[in-house]
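Chemist: dropping a prediction and its sequence here:
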Amino acid sequence: MSTAIVIAILSLTCTYASALAEGDSATALAALHVKADQAPPRDICFLYAELVSQMTDLAGKQFHSGESGQASQTIQLVQQYAEKIHAGVTADSKKLRDA
């Protein structure tokens, strides 16, 4: 089911992908990843949802630019973060509705 969700999000994101520079987006993703890893339990789901959203945008850009190998790796990371969201749903999530 999570794979279907990722595919649906990816197809929508490919259509509406933003125009961030790849270097800027990589820095932003790294910063968001660190923030999510260090966040209190109540914020984890929201931050990982943001990370999944941004990484899906990146994967769409990678597919469009012909970098299918990198895009596949990005999608694998998206799946890992989606699993972390699923695991965190049972925790005390202040921003669960937003996520």
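Modeler: Noted; the coordinates are in hand. This one's a predicted model, so the numbers in the text were calculated from it and none came from an experiment.

Chemist: only C-alpha atoms for contact and neighbour calcs from this point on.
Modeler: Fine.

Chemist: now do the strands in this structure.
Modeler: Taking DSSP state E as the criterion, the chain carries no strands.

Chemist: point out where it drops to low pLDDT.
Modeler: Along the chain, the model assigns pLDDT under 70 to residues 1-24, 90-99.

Chemist: pull the contacting residues for T74.
Modeler: Residues near T74 by C-alpha atoms under 8 Å, 6 or more residues apart in numbering: M55, T56, L58, A59.

Chemist: residues near the last one, how many?
Modeler: Other residues within reach of A59, judged by other C-alpha atoms under 10 Å, total 26.

Chemist: wait, isn't it in contact with A71?
Modeler: Yes: using C-alpha atoms under 8 Å, A59 is in contact with A71, at 4.6 Å.

Chemist: what sits against the closest residue to Q54 other than its chain neighbours?
Modeler: Nearest residue to Q54, sequence neighbours excluded (C-alpha to C-alpha, 6 or more residues apart in numbering): L29, at 7.2 Å. Counting by C-alpha under 8 Å, 6+ apart, L29 touches L51, Q54, M55.

Chemist: grab the longest helix from the chain for me.
Modeler: Determined from DSSP state H, the single longest helix within the chain is helix 41-64.
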